[in-house]
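*Asks:* sequence-free structure coming up:
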């Protein structure tokens, strides 16, 4: 092969799908790339789970636990065990019953396992759902904003516009939601669903109060939209008990529940799922239509990866709450350390102009600072102070210009408690404080 | 949760993406479902690889081989080994260098590992490529037809029309290709790429002669289209030596090479890849843009699954030819058994009206019969004779109506040699012959 290229217009960027040149899709790349250039920097940016308890032997043990389960509980002979783990398999997955059991044990969600679609990470579950919900140019997605870039990015790949809905102090501003739906319909559009993270949202850390959850479900019913509930952090409350998920309160099947095992098993399994028990078409469930689409995207989810996740579920009686007792404590202490550490370093917010929230769980704290938080500011922080964090503008869709949000630089940023241990967090906060004072 | 649904129009099938109701996407479901209803039937339909050599312990061993490789060859400490296998990871994958080495060892393809994108099965590589190639309603895909339903299905999910190109006796009819490109352009459309399986195509079993490969590359260059080369069966020749892939002959970077490890490692890893070394945009490679899209579909490919595939590559000096010596023999004998078995059972084709081809490799034989091969005929075959095969109309896109292909019932079907052992194949051929004689 030569290195010369004869392409003229064939692979010009302007001949490819618009997402290929969209800065939104480069946002994660930019953040990873800057981290990669500064391996000595401490990261208060990464939302990756704490890996202090990880052990490669856990993978082997989980695989054996799941294989034994197939033999003893399911009565499979060796040939069938081999086939289950190594061949192509059921499009909807092979650990759907274990996931349904986990949802029952941990969340009080009672769901037919046939309505559970196992996916290659939660992102695929989201992508497939958005694929089916966009029929033509009239369809739009609503998303509580600021929002995880994976939502707007997936929507971009599908040419599905995302209309932001204000988060407010309660996780969703219902008046704004009503207004947005009305506005979209008045413009001849079809708002199909609202993407929302009720438990410890990313980036805001906000948890939606239970009465607001009930009101949101009522509104979805009145307005005939779906709710796409994403729940990666629900098992990590900082204080008190967990609240019921939207799906646990969903009596009218308005909720597609998107689940991730990345934070509760580990990211390397790349296992997520959708609970989509809506009756539709020849169904019986929306999950069946999602599976048809999945068969053309990834065919099926690696049964080896599913077996590892399934083994972990079985080891803990299908309770991820029990499986994550140590992790929950780590994240709880991590949030305390950041919130308390900021208070010690910025004792007088009105003088410093530095303010932050005190979230009830999850991984993230949002900090307001008295200067514009640009990507250039992050570059300075990394270069001069060797500490990483995430500018909040990365959670706004600049294309949603009617809101004005995400266009100019914001004066806030996100700190994550999940990746660093205690000493490193204190050191990172020292560096962060030095950066803020120098900015 | 109640079972009552209050949905009226919200989840009506007509409000979802058209693919949800498309019979094309139900084609694989139909074939799996009929097999599921008749577990006692013998399958000459399944294109799944032979599993007689599978062993769950291979998964454990491959994982350990790959982990040791990270320690000894890459010098990773335990913490980094754990992180590599269990955390989120590089979007383009972690076994790209091993895949590039395999392509060099087995195929004589020299490629920068940075141009290799590891995907969740080959299907994801295909899906992402089609995603980027469709910018708007003017873009169309060309596909040598009959074609694997995964191509037309993925295109359907992306609203990308597929224009069929005649296969002819040489794997692609270049005159028809030229005509199709011209016709599409005359209609204001942009033919972007041709999907083609040069080695032992599915379903036809045809292998493209080397001079035709060179002519096809020239034509792609003249006409400014890409070639999407899918190569799941290339390592399984029945007779003689293997031919160079299009990618090995590609001096002008016209070929995106789509690779699958499903048949050469095992399907349960769900690992495929794209070799996309085309320079484009801020690149450096098309692979980098595909990776951006992938980050919004599946984030990254399970590093555990990649480690299993990587371990298998390492065990065989990165040669899948060496790794598959036994399998190659199985498939070679399987094709011989079907071709010879048909000749014994239908000794006089002009009397029986039953004819078949004698492919040079792969898994598949196409059989012409003197009656319409409908899905109802398959149902009869399974019910009355307990043998499965695949009607050829499932490899035609009924929506591509300008060709007439795929609209009426065809008089041919596909037999696969891959799933059954010797005795079962003979028994299945007896049953198949009885069905044909009764039809």
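*Replies:* All right, it came through fine. Just so we're clear, the structure is a prediction, and the values are computed from it rather than from any experiment. Numbering: from 1, shown residues only, chains lettered A, B, ... in the order given.
*Asks:* ranges for the strands of chain A?
*Replies:* Under the criterion DSSP state E, strands of chain A are mapped to A:42-43, A:116-120, A:139-145, A:162-166, A:190-196, A:226-230, A:255-260, A:271-275, A:355-356, A:364-373, A:387-388, A:390-391, A:410-416.
*Asks:* and among those strands, the most buried is which?
*Replies:* Scoring the strands of chain A by mean neighbour count under mean count of other C-beta atoms under 10 Å in any protein chain shown gives strand A:116-120 as the most buried, with a mean of 31. C-betas here are computed from N, CA, C, even on glycine.
*Asks:* any idea how chain A splits into domains?
*Replies:* Here the domain assignment for chain A is A:17-46+A:325-438, A:62-322, based on automatic domain parsing.
*Asks:* Residue A:313 and chain B, how far apart?
*Replies:* For residue A:313, the distance to chain B (C-beta to the nearest C-beta, to the nearest Å) stands at 16 Å.
*Asks:* Next, count neighbours for the closest residue to that residue other than its chain neighbours.
*Replies:* Leaving aside its chain neighbours, residue A:313 sits nearest to residue A:98 (4.6 Å; criterion: C-beta to C-beta, 6 or more residues apart in numbering or on different chains). Residue A:98 has 23 neighbours, counted by other C-beta atoms under 10 Å in any protein chain shown.
*Asks:* Correct me if wrong: residue A:98 contacts residue A:312.
*Replies:* No: using C-beta atoms under 8 Å, residue A:98 is not in contact with residue A:312; the gap is 9.5 Å.
*Asks:* For the residue at minimal distance from the centre of chain A, give me its contacts.
*Replies:* In chain A, the residue lying closest to the centroid (C-alpha atoms, centre = their mean) is residue A:232, at 5.6 Å. For residue A:232, the contact set (C-beta atoms under 8 Å, 6 or more residues apart in numbering or on different chains) comprises A:122, A:197, A:202, A:260, A:262, A:263.
*Asks:* Contact partners for the second one?
*Replies:* Right, residue A:197. Residue A:197 touches A:144, A:148, A:171, A:229, A:230, A:231, A:232, A:233, counting by C-beta under 8 Å, 6+ apart.
*Asks:* so what secondary structure elements neighbour the helix or strand of chain A with the lowest mean pLDDT?
*Replies:* Lowest on mean pLDDT, DSSP states H and E among the helices and strands of chain A sits helix A:23-37, with a mean of 83. With contacts defined as 3 or more C-beta pairs under 8 Å, 6 or more residues apart in numbering or on different chains; DSSP states H and E, helix A:23-37 has these neighbours: helix A:149-157, helix A:375-385, helix B:286-295.
*Asks:* Save the ones you listed as CSV, and put in distance to residue B:335 and mean pLDDT too.
*Replies:* Shown next, in CSV, are these (distance: least, C-beta to C-beta, whole Å; pLDDT from 0 to 100):
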stretch, distance to residue B:335, mean pLDDT
helix A:149-157, 40, 96
helix A:375-385, 58, 96
helix B:286-295, 34, 96
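*Asks:* Run a quick neighbour tally on residue A:51.
*Replies:* Neighbourhood size, residue A:51 [other C-beta under 10 Å]: 17.
*Asks:* roughly how far apart are residue A:85 and residue A:79?
*Replies:* As for residue A:85, its distance to residue A:79 is 11 Å (criterion: C-beta to C-beta, to the nearest Å).
*Asks:* Which of these two has more residues huddled nearby?
*Replies:* Between residue A:85 and residue A:79, residue A:85 has the larger neighbour count (other C-beta under 10 Å), namely 24 against 11.
*Asks:* Rounded mean pLDDT for the lengthiest helix in chain A, please.
*Replies:* Longest helix in chain A, counting residues (DSSP state H): helix A:325-345. Across helix A:325-345, the average pLDDT comes to 97.
*Asks:* now stretch A:394-413
*Replies:* The model assigns stretch A:394-413 a mean pLDDT of 72.
*Asks:* Between the two ends of it, what distance do you get?
*Replies:* End-to-end distance of stretch A:394-413 (C-alpha to C-alpha, to the nearest Å): 9 Å.
*Asks:* Stretch A:196-214 now?
*Replies:* End-to-end span of stretch A:196-214 (C-alpha to C-alpha): 14 Å.
*Asks:* just stretch A:243-261 next, same as before
*Replies:* Stretch A:243-261: ends 19 Å apart by C-alpha to C-alpha.
*Asks:* Report the distance from that stretch to the chain centre.
*Replies:* Between the centre of stretch A:243-261 and the centre of its chain there are 15 Å (C-alpha atoms, centre = their mean, to the nearest Å).
*Asks:* cool, and stretch A:225-240?
*Replies:* 10 Å.
*Asks:* Just the closest of the contacts of residue A:232 to chain B, please.
*Replies:* Of all the contacts of residue A:232, residue A:262 has the smallest distance to chain B: 7.4 Å, by C-beta to the nearest C-beta.
*Asks:* what's the spacing between residue A:245 and chain B?
*Replies:* For residue A:245 relative to chain B (C-beta to the nearest C-beta), the value is 12 Å.
*Asks:* related to what we said a few turns ago, could you look over the domains of chain A and pick the most buried one?
*Replies:* Mean neighbour count (mean count of other C-beta under 10 Å) peaks for domain A:62-322 among the domains of chain A, with a mean of 22.
*Asks:* And residue A:410, how close does it get to residue B:247?
*Replies:* Counting by C-beta to C-beta - residue A:410 and residue B:247 are separated by 46 Å.
*Asks:* thought residue A:291 was touching residue A:92?
*Replies:* Yes: counting by C-beta under 8 Å, residue A:291 does reach residue A:92; the two are 4.8 Å apart.
*Asks:* shared neighbours of these two, anything?
*Replies:* Joint contacts of residue A:291 and residue A:92 (C-beta under 8 Å, 6+ apart) are residue A:117.
*Asks:* pLDDT wise, what is residue A:8 at?
*Replies:* So, for residue A:8, pLDDT stands at 46.
*Asks:* Same check on the one 5 residues further on?
*Replies:* According to the model's per-residue confidence, residue A:13 sits at a pLDDT of 81.
*Asks:* thinking it is in contact with residue B:280, fair?
*Replies:* Yes: with contacts counted by C-beta under 8 Å, residue A:13 reaches residue B:280, the gap being 6.2 Å.
*Asks:* related to what we said a few turns ago, for residue B:385, find the nearest of the strands of chain A.
*Replies:* Shortest separation from residue B:385 across the strands of chain A is recorded for strand A:116-120, at 34.7 Å, computed as C-beta to C-beta.
*Asks:* Is the closest one positioned near chain B?
*Replies:* Yes: Strand A:116-120 is in contact with chain B by C-beta under 8 Å from any C-beta of the partner chain, via residue A:120.
*Asks:* List the strands paired with that strand, with their directions.
*Replies:* strand A:271-275 (antiparallel) (DSSP bridges).
*Asks:* So what touches the strand it pairs with?
*Replies:* Applying C-beta under 8 Å, 6+ apart, the external contacts of strand A:271-275 come out as A:93, A:95-96, A:99, A:103, A:109, A:111, A:115-125, A:128-129, A:247, A:255-262, A:265, A:287, A:290, A:301, A:305-306, A:309.
*Asks:* Could you do stretch A:344-355 as well?
*Replies:* With C-beta under 8 Å, 6+ apart as the test, stretch A:344-355 has contacts from A:342, A:367, A:368, A:369, A:370, A:429, A:430, A:433, A:436.
*Asks:* for stretch A:315-324, same thing?
*Replies:* For stretch A:315-324, the surrounding residues in contact (C-beta under 8 Å, 6+ apart) are A:61-62, A:65, A:98, A:101-102, A:105-106, A:235-236, A:261, A:264-265, A:312-313, A:328.
*Asks:* and whatever residue of the stretch 301-439 of chain A ends up closest to chain B, what pLDDT?
*Replies:* Residue of the stretch 301-439 of chain A nearest chain B, by C-beta to the nearest C-beta: residue A:302 (3.9 Å). pLDDT, residue A:302: 98.
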